[in-house]
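Colleague: just coords:
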């Protein structure tokens, strides 16, 4: 039984970011097309194989920092989120730690420096467009979406292999 995240760390390349309060992961939302017509008694939103709407992630900071400013540099940034997940074995009650990793290539969209007030956090934040997303559980890659290289692997299955073949790629 998954009980929650014990702690996490954020990295850009090999550098750990200290002071990231929390991160909101992107929503993975498939592009759909509306199907209706003869023989269909309604409307079906049918997902287009391997295609996704724009993905975005948000990082929240306790205070403005050089690290936050550097993430606003107008280039691709490789972010890695490493989490330790608490997992309880139901039959024995034993707690186990499972590794969870998300890797994203991001481009900066917005940077908010938040507010300035005595004895408080600034609630600074940044939002970033995501062009690459990969997810790992205990070191095994389960999902990979690479919008720029025509890759869509979900639960270890390559959804675009036959599409690439049909396109001669």
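Modeller: In hand now; what should we look at? Since we're looking at a predicted model, the values are computed, not measured.
Colleague: how about the helices in this protein?
Modeller: 66-70, 161-166 (DSSP state H).
Colleague: Show me the contact partners of the longest one.
Modeller: This points to helix 161-166. 49-50, 150 (CB atoms under 8 Å, 6 or more residues apart in numbering). In short, each C-beta sits where N, CA and C put it, glycine included.
Colleague: Could you rerun that using 10 Å?
Modeller: 49-51, 150-153, 158, 160, 169 (CB atoms under 10 Å, 6 or more residues apart in numbering).
Colleague: same thing with stretch 2-13?
Modeller: Against stretch 2-13 from outside (CB under 10 Å, 6+ apart): 16-20, 22-23, 59, 67, 70-71, 77-88, 95, 97-98, 100-103, 106.
Colleague: Only the buried subset of the residues you listed, as a PyMOL command please.
Modeller: This is how PyMOL selects the buried members of those, with burial counted by 16 or more other CB atoms under 10 Å:
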select buried, resi 17+20+23+59+67+71+77+79+80+81+82+83+85+100+101+102+103+106
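Colleague: export the helices of the chain to a markdown table and tack on mean pLDDT and distance to residue 30?
Modeller: Below are the helices of the chain laid out as a markdown table (pLDDT from 0 to 100; distance: least, CB to CB, whole Å):
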| stretch | mean pLDDT | distance to residue 30 |
| --- | --- | --- |
| helix 66-70 | 87 | 31 |
| helix 161-166 | 94 | 14 |
